[in-house]
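Enquirer: I would like to see how this sequence folds:
(chains A and B)
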Amino acid sequence: MAANTLSVPVTRTRTSFPWGKFFSRFLAYFALTLGLSLTLLPFIMMILSSFKTNLELLRVPPTFWPERFTFENYTRIFNDPKLPLLRFYGNSAFVAVFNVCSTLFTSSLIGYMFAKFEFPGKKILFGWFLTMMMIPTQITMIPSYLILAKLHLINSLWGLVIFSAVDAFGIFMLRQFCETLPTELLDAARIDGASEWQIYLRIVLPQLGAPLATLGILGFMQTWNAYLWPMIVLQKIEARTLPIILTWFNSTHTGQGALVMAATVLIIMPILIVFLFFQRWIVQGFTMTGFK
Amino acid sequence: MNLTMKRSKKSTGGLAIAKRRFVTGVTVPLLLYESLGIFVLGWAFVLMFFDYSSGRIGGPILGLGGSNPFVGLRHFIEMIKGTSVEAGLFRTSLRNTLIFAVAILPLNLAITLPLAWLLETIGSRFKALYRTIYFLPVLTSSVGVALIWMSMYDPQAGWINAIIRFFGGTPFSWLSDPRAGFAGVSVAMWAVILAYLWQDYGYNMVIFIAALQGIPQELKDAAMIDGTNAWQAFIKITLPLIRPTMLFVCVMTMLSSFQVFDIIQVMTNGDPNNQTQVLMLDIYKNAFRYQNLGWAAAESFVLFIIVMIVTIIQMRVLRTDWEY
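Expert: Predicted coordinates:
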């Protein structure tokens, strides 16, 4: 369909308008823009609905543009005493930040060790990581929950984060990066009297900036949007993270679509704004690492 | 490996001791943490042979035995030919999961591959913008996606019924009408499939775009000089060259659609009449609502095996042994 320059006969003179090319370009742009609008429309409708009154939202046929922009839904959410939104943002932020920090620390340290050190049992340990990476969460979900229940960590944000402090995938990725670091550099530092921890902190870590940023952003997004595991662990309302609060809010406000849409905007927008700022890195990260 | 350690110790003395101390300092906590992982895995494996409920106080070891009796392979036999409600529900969930995954993969590829190819061939200035927008739903929380689509599927005020009314059709309760179906798949299932596709397709788009960018320009030029048209070039050159990516995309799409949970739990929670009950949802309900954890563990093992088999088959089918 597109860019089909050679299907235009070569005998045609240069001056004639390349209809074939024009037409295929037009079709290509049409398809791409159609996909684009179908992607954007639900977002636009969500935002517009959040500024409507609930009465207007229930009208048949629905209005596209709000008749009267109202911030009532947002003020109601902010002033709802049963919905301390800041607390839930705090919960989500704590879980995401803690998770990112712990996995970045463990992944870089362990990845570095696997790349640059020889020790007995290294292959076995690494093989174990390989296996762990392939075991899906649904297998480990039930015993993990039982352990947390035994440790009285249900409803605790710490319970949510302890099982994901070590990330096999991150270790893999950073091991690959550490292998490219010149060993001479590390040895030079050793001869200068640096301790092994100093080498890790002062020499290895600064070199890992780009992969750490990628891993960190992706991990942040994953944790921020996580649903199943937080829902199992956090049963008390005050302890919940944003996605679970959103379902809870929806189930307690049936028939108040505009209000629910405003809550949805408040909960999904921060991450999309982060994405728009870091989008090049994020897209690169996703294609480079291939995990979501 | 022991040998190399010893040799380095001889040559560098104190440095080797420092190195060894560092390795020990890292591996010992790591081993402790990983043994927790082994323990969890072992528990998961044992649990599926017991009729275990966390509400009962069983035997002394992990609550197994006693009022949580050992049942051997009975869970699995029940799954295959049992007549109990939960066995029936398991088979329904399994069927629904297969339907969901089998529908998602071709639909996803049919959208993402042509769109990525178009975007790559026209070499637009707006490529980055297109890519950014296609990627937005991937980063949106599944709960948010589910709520947005629920408002669009709303029987009264939803946009989808508004469009149907506009063209003179009869509006429909997309997420709760148990009667109708299309191609043997219930309407509610199609509705969640569509929402899932919308959320997920940008991911594969980005992967395909990266793969298409990786094809050397000389190959495309050579094909053009040989007089192939764009379609032939796509079939004969592009497709074979992105086969590793195709494999990756197929495996990842299948894996995530077999494990679908969030969007369905929010949109339908398995209704109407269990028409959208998928395996993960069934596992979740059995484990955390009915406290039937032994049964749920057995179910998750079945899901794991299916996922493994599908992955292995896809790797066999789409394997390539050469590079360009």
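
Enquirer: Was I right to think residue A:186 contacts residue A:203?
Expert: Yes - judged on C-beta atoms under 8 Å, residue A:186 makes contact with residue A:203 at a distance of 6.5 Å. In short, each C-beta sits where N, CA and C put it, glycine included.

Enquirer: Can you pick out the residue with more neighbours from those two?
Expert: Comparing residue A:186 with residue A:203 by other C-beta atoms under 10 Å in any protein chain shown, the one with more neighbours is residue A:186, at 19 against 16.

Enquirer: OK, contacts around the more buried one?
Expert: Residue A:186 is in contact with A:116, A:199, A:203-204, counting by C-beta atoms under 8 Å, 6 or more residues apart in numbering or on different chains.

Enquirer: Geometrically speaking, which residue is the centre of chain A?
Expert: What sits nearest the mean C-alpha location of chain A, by C-alpha atoms, centre = their mean, is residue A:221, with 2.0 Å.

Enquirer: can you tell if the one helix or strand that residue maps to touches chain B?
Expert: Element membership of residue A:221 [criterion: DSSP states H and E] is helix A:209-225. Yes - applying C-beta under 8 Å from any C-beta of the partner chain, one finds that helix A:209-225 is in contact with chain B at A:221, A:224-225.

Enquirer: From those, which shows the smallest pLDDT?
Expert: When these are sorted by pLDDT, the bottom entry is residue A:221 at 85.

Enquirer: which ones are touching it?
Expert: Taking C-beta under 8 Å, 6+ apart, we find residue A:221 in contact with A:271, A:274-275, A:282, B:139.

Enquirer: In helices only, show me the contacts of residue A:186.
Expert: If you go by DSSP state H, the contacts of residue A:186 have residue A:116 in helices.

Enquirer: Looking at the contacts of residue A:186, which two lie furthest apart in space?
Expert: Put simply, by C-beta to C-beta the two of these set farthest apart are A:116 and A:203, 10.9 Å from each other.

Enquirer: Which helix or which strand is home to residue 245?
Expert: The chain I'm using is chain A. Using DSSP H and E, residue A:245 sits within helix A:242-252.

Enquirer: that's the other chain; I wanted chain B
Expert: Per DSSP H and E: residue B:245 is located in helix B:243-258.

Enquirer: Point out the residues in the stretch 51-200 of chain A that sit beside chain B.
Expert: Residues of the stretch 51-200 of chain A lying close to chain B by C-beta under 8 Å from any C-beta are A:57-62, A:106, A:109-110, A:113, A:117-122, A:125, A:128, A:132, A:135-136, A:138-147, A:149, A:165-166, A:190, A:195-197, A:200.

Enquirer: Need the buried ones from those selected in ChimeraX.
Expert: A single ChimeraX command selects the buried members of those (16 or more other C-beta atoms under 10 Å in any protein chain shown):
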select /A:57,58,62,106,109,110,113,117,119,125,128,132,136,138,139,140,141,142,143,144,145,146,147,166,190,196,200
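
Enquirer: Show only the entries of the residues of the stretch 51-200 of chain A next to chain B found in helices.
Expert: Short answer: these in helices (DSSP H) are A:57, A:106, A:109-110, A:113, A:122, A:125, A:128, A:132, A:138-147, A:149, A:190, A:196-197.

Enquirer: Summarise which helices and strands the helix or strand hosting residue B:88 is packed against.
Expert: Using DSSP H and E, residue B:88 maps to helix B:85-122. Judged by 3 or more C-beta pairs under 8 Å, 6 or more residues apart in numbering or on different chains; DSSP states H and E, the packing partners of helix B:85-122 are helix A:19-50, helix B:74-81, helix B:127-139, helix B:187-213, helix B:243-258, helix B:279-284, helix B:293-317.

Enquirer: Try it again at 7 Å.
Expert: helix A:19-50, helix B:74-81, helix B:187-213, helix B:243-258, helix B:279-284 (3 or more C-beta pairs under 7 Å, 6 or more residues apart in numbering or on different chains; DSSP states H and E).

Enquirer: And the contacts of stretch A:94-111?
Expert: The contact list for stretch A:94-111, computed with C-beta atoms under 7 Å, 6 or more residues apart in numbering or on different chains, reads A:157, A:160-161, A:164-167, A:170-171, A:174-175, A:178, A:200, A:205, A:208, A:212, A:215-216, A:219-220, A:223-224, A:241, B:26, B:30.

Enquirer: List only buried entries from these.
Expert: A:157, A:160-161, A:164, A:166-167, A:170-171, A:174-175, A:178, A:200, A:205, A:208, A:212, A:215-216, A:219-220, A:223-224, A:241, B:26, B:30.

Enquirer: Flag the shaky bits of chain B, pLDDT-wise.
Expert: Within chain B, the stretches with pLDDT under 70 are B:1-12, B:58-60, B:65-66, B:123-124, B:319-324.

Enquirer: got the angle between the helix or strand residue A:101 falls within and helix A:209-225?
Expert: According to DSSP H and E, residue A:101 maps onto helix A:85-116. Interaxial angle of helix A:85-116 relative to helix A:209-225 (axes from the mean of the first three to the mean of the last three C-alpha atoms, to 10 degrees): 140 degrees.

Enquirer: Of all the residues in helix A:85-116, which ones are buried?
Expert: Buried positions in helix A:85-116, judged by neighbour count with 16+ other C-beta under 10 Å: A:85, A:88-89, A:91-93, A:95-96, A:98-100, A:102-104, A:106-116.

Enquirer: With stretch B:295-306 instead?
Expert: Using 16+ other C-beta under 10 Å as the test for burial, stretch B:295-306 gives B:295-304, B:306.

Enquirer: Which ones among those residues also lie next to chain A?
Expert: B:296-297, B:300, B:303-304 (C-beta under 7 Å from any C-beta of the partner chain).

Enquirer: quick check: domain ranges of chain A?
Expert: Domain ranges of chain A: A:1-39, A:85-289, per automatic domain parsing.

Enquirer: I'd like the ones you listed as a markdown table, with distance to residue B:264 appended.
Expert: Shown next, in a markdown table, are the domains of chain A (distance: least, C-beta to C-beta, whole Å):
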| stretch | distance to residue B:264 |
| --- | --- |
| domain A:1-39 | 21 |
| domain A:85-289 | 11 |
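
Enquirer: Check those for me: which has the lowest mean pLDDT.
Expert: Note on the domains of chain A: domain A:1-39 shows the lowest mean pLDDT, a mean of 69.

Enquirer: Let me have the helices and strands packed on helix B:85-122 in a markdown table, extended by distance to residue B:104 and mean neighbour count.
Expert: Formatted as a markdown table, the helices and strands packed on helix B:85-122 follow (distance: least, C-beta to C-beta, whole Å; neighbours: other C-beta atoms under 10 Å in any protein chain shown):
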| stretch | distance to residue B:104 | mean neighbour count |
| --- | --- | --- |
| helix A:19-50 | 17 | 16 |
| helix B:74-81 | 24 | 16 |
| helix B:187-213 | 6 | 22 |
| helix B:243-258 | 4 | 19 |
| helix B:279-284 | 14 | 25 |
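
Enquirer: Which among these is found nearest to residue B:89?
Expert: helix B:279-284 (6.1 Å).

Enquirer: related to what we said a few turns ago, now the angle between helix B:85-122 and the helix holding residue B:245, please.
Expert: If you take the same axes, to 10 degrees, helix B:243-258 sits at 150 degrees to helix B:85-122.

Enquirer: same for helix B:243-258, what does it pack against?
Expert: If you count contacts as 3+ C-beta pairs under 7 Å, 6+ apart, helix B:243-258 packs onto helix B:85-122, helix B:187-213, helix B:293-317.
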